[in-house]
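1. task: produce atomic coordinates for the following.
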Amino acid sequence: MKTLYLDCSMGAAGDMLSAALMELLPEQESFLAQLNGIGIPGVFVTCEKTGKCGITGTHFKVTICGEEETEEMHAHTHAAEKVPEPPHYGEEEHHHHHHRSMHEIRHIIESLDLSDKVKTDILSVYTLIAEAESHVHGVPVTEIHFHEVGTMDAIIDVTAFCMLMERLSPDQVIASPVHVGSGQVRCEHGVLPVPAPATAYILQGIPTYGGAVKGELCTPTGAALLKHFVRSFGEQPLMRVKAIGYGMGTKDFPAANCVRAMLGEDTGKEDVIAELCCNLDDMTAEETGFAQKQLLLAGALDVFTMPAQMKKSRPGVLLTVLCREEDREQILQCIFLHTTTLGVRENISRRYILSRTEETVETGYGKVRKKVSSGYGVRQEKYEYEDIARIADETGSSLREITEEIRRQDNARK
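-> Model (predicted):
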């Protein structure tokens, strides 16, 4: 399974994320030509090699009529309660720092030479930002006006990332917990805590942390891109990395100010387990079933029985318990406590398993959990039985009908 892993140990911003993905492409010049030809007037994008703490990476340079964007231009968004009607799209480009409404941004995006999927992704990212601003400022989404994030330079950052995601087409996107920085940041409304309120709202449900680095490391745009595209957050999975990209920020910190992107194949996982076995010929079915339940509660990975012919021609069962090596002692105690065996055999087994994550799918029936397993070139998805059964009970439909409908809604959402 093609896996994209994003290392956000120094936060995330739109230009840094885009630059990191740019480095994964073998045909960077053709992508830049496509990006510069999508139809945003006055915008020109180049990629420059730069270094941070001895690491060489790419700086995503955006110029608007010859003026280069800065981190301050699009680090924050804010809602303007009442602002003048912005100039019509296409007027003189010295207006590119004015406030823009969600309606105007939608008009700009829909006019660009992009695939429907990319347009949908861009608008979904901006919707996340608009909803965050609406919550923070207590005004409807229709009254939200963007400043820095609404300018052409930030639109190109978001657009570039969405285009790169379409071109790379990873099967899954995983990211590290996000370092948000610490301290305070100044914006047009005054001094705000880090992470800024809109960023903090977007990052709800995502593992984040602060630290010794003073400053804003994760911007609203970066947070929204992660929220939209990343399906799970955690350590880098077991994967064969084929390409590595570094997207550089402009500020200098004691640590390298970059986002690192790694593209490769998820190979699943490998570990070692203990296989504990014993023969039983003097326990009832009820007693054996109770023992199985207690073993699972004690931490066994799996417990199963097989029919066996015992000595003196007595029918019995072979009880097999799989457990982690560190759980061996407590599992052995449980076996001796709840069975009649006088001895247990042990085999150490190496097993190969698919990486497993759990996602939550928003459906017309409410939230449904989905188990996703991947590795060794395969991907498997299964909706949580308890959730499907609950919906079937509530609607009077069959499990098959509900599963097919949930899958249809899930595929439409992707």
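2. name the residues that touch the helix or strand hosting Val272?
-> Assessed by DSSP states H and E, Val272 sits inside strand 269-280. When contacts are defined by CB atoms under 8 Å, 6 or more residues apart in numbering, strand 269-280 is touched by residues 237-238, 288, 301, 308, 310, 316-325, 327-328, 331-332, 335, 339-341, 343-355, 375. The way it works is simple: take the backbone N, C-alpha and C, and place the C-beta from them, glycine included.
3. the nearest residue to Ile55 once chain neighbours are set aside: neighbouring residues, count only.
-> Sequence neighbours aside, Ala256 is the residue nearest to Ile55 in space, at 5.0 Å (criterion: CB to CB, 6 or more residues apart in numbering). Burial measure for Ala256: 18 neighbouring residues, criterion other CB atoms under 10 Å.
4. Ala256: what secondary structure?
-> coil (DSSP: H, G, I helix; E, B strand; the rest coil).
5. ok, now how distant is the nearest residue to Ser111 once chain neighbours are set aside from Cys277?
-> In space, and not counting its chain neighbours, Ser111 is closest to Gly39: 6.5 Å by CB to CB, 6+ apart. Distance, Gly39 to Cys277, by CB to CB, to the nearest Å: 68 Å.
6. follow-up on the earlier one: what angle do whichever helix or strand comes after the strand holding Val272 and strand 269-280 make?
-> Later in the chain than strand 269-280, the nearest helix or strand by DSSP H and E is helix 285-297. Angle of helix 285-297 versus strand 269-280, following axes from the mean of the first three to the mean of the last three CA atoms, to 10 degrees, is 150 degrees.
7. Gly39 and Cys277: which is more packed in?
-> Counted by other CB under 10 Å, Gly39 and Cys277 do not tie: Cys277 has more neighbours, with 16 against 11.
8. what residues are up against Glu325?
-> Per CB under 8 Å, 6+ apart, neighbours of Glu325: 272-274, 348.
9. what pLDDT is listed against it?
-> Listed pLDDT for Glu325 reads 92.
10. quick revisit: now the strand holding Val272: buried residues?
-> Residues of strand 269-280 classed as buried by neighbour count (16 or more other CB atoms under 10 Å): 273-280.
11. hey, where'd the helices end up in the stretch 151-300 of the chain?
-> With DSSP state H, counting those that start in this stretch as the criterion, the stretch 151-300 of the chain has helices at 152-168, 197-202, 220-229, 285-297.
12. could you dump these to JSON lines with mean pLDDT?
-> Below are those laid out as JSON lines (pLDDT from 0 to 100):
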{"stretch": "helix 152-168", "mean pLDDT": "90"}
{"stretch": "helix 197-202", "mean pLDDT": "93"}
{"stretch": "helix 220-229", "mean pLDDT": "95"}
{"stretch": "helix 285-297", "mean pLDDT": "96"}
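13. tell me which of those helices lies nearest to Ile406.
-> Ile406 lies closest to helix 220-229 among the helices of the stretch 151-300 of the chain, at 20.9 Å (CB to CB).
14. now the angle from that closest one to helix 152-168?
-> Computed with the same axes, to 10 degrees, the direction of helix 220-229 lies at 30 degrees from that of helix 152-168.
15. which other helices and strands does helix 220-229 contact?
-> helix 14-22, helix 116-137, helix 152-168, helix 197-202 (3 or more CB pairs under 8 Å, 6 or more residues apart in numbering; DSSP states H and E).
16. how far off centre is that helix?
-> Centroid displacement of helix 220-229 relative to its chain, using CA atoms, centre = their mean, to the nearest Å, is 9 Å.
17. tell me which stretches of the stretch 301-414 of the chain form helices.
-> In the stretch 301-414 of the chain, the helices defined using DSSP H, counting those that start in this stretch lie at 328-338, 385-395, 399-413.
18. specify the residue positioned farthest from the middle of this protein.
-> Distance from the C-alpha centroid of the chain peaks at Lys312, with 58.8 Å (CA atoms, centre = their mean).
19. determine which of the helices of the stretch 301-414 of the chain approaches Glu216 most closely.
-> The nearest among those, by CB to CB, is helix 399-413 at 30.9 Å.
20. name the helices or strands packed onto the closest one?
-> For helix 399-413, the elements it packs on are strand 355-363, strand 378-383, helix 385-395, judged by 3+ CB pairs under 8 Å, 6+ apart.
21. measure how far it is from the centre of its chain, please.
-> Mean-position distance between helix 399-413 and its chain equals 22 Å (CA atoms, centre = their mean).
22. what residues sit buried inside that helix?
-> For helix 399-413, the neighbour count (16+ other CB under 10 Å) marks 402-403, 405-406, 410 as buried.
23. pLDDT below threshold where in this structure?
-> For the chain, the stretches flagged by pLDDT under 70 are 66-99, 142-151, 188-189, 414.
24. which residues does Tyr126 contact?
-> 102, 105-106, 109, 158, 224.
25. which of those are buried?
-> Listed as buried from these are 102, 105, 109, 158, 224; burial here means 16+ other CB under 10 Å.
26. how many neighbours does the residue nearest to the last one when sequence neighbours are not counted have?
-> Counting by CB to CB, 6+ apart, Ala224 lies nearest to Leu128, which is 4.2 Å off, once chain neighbours are set aside. Residues lying near Leu128 (other CB under 10 Å) number 21.
27. thanks again, I'm all set now.
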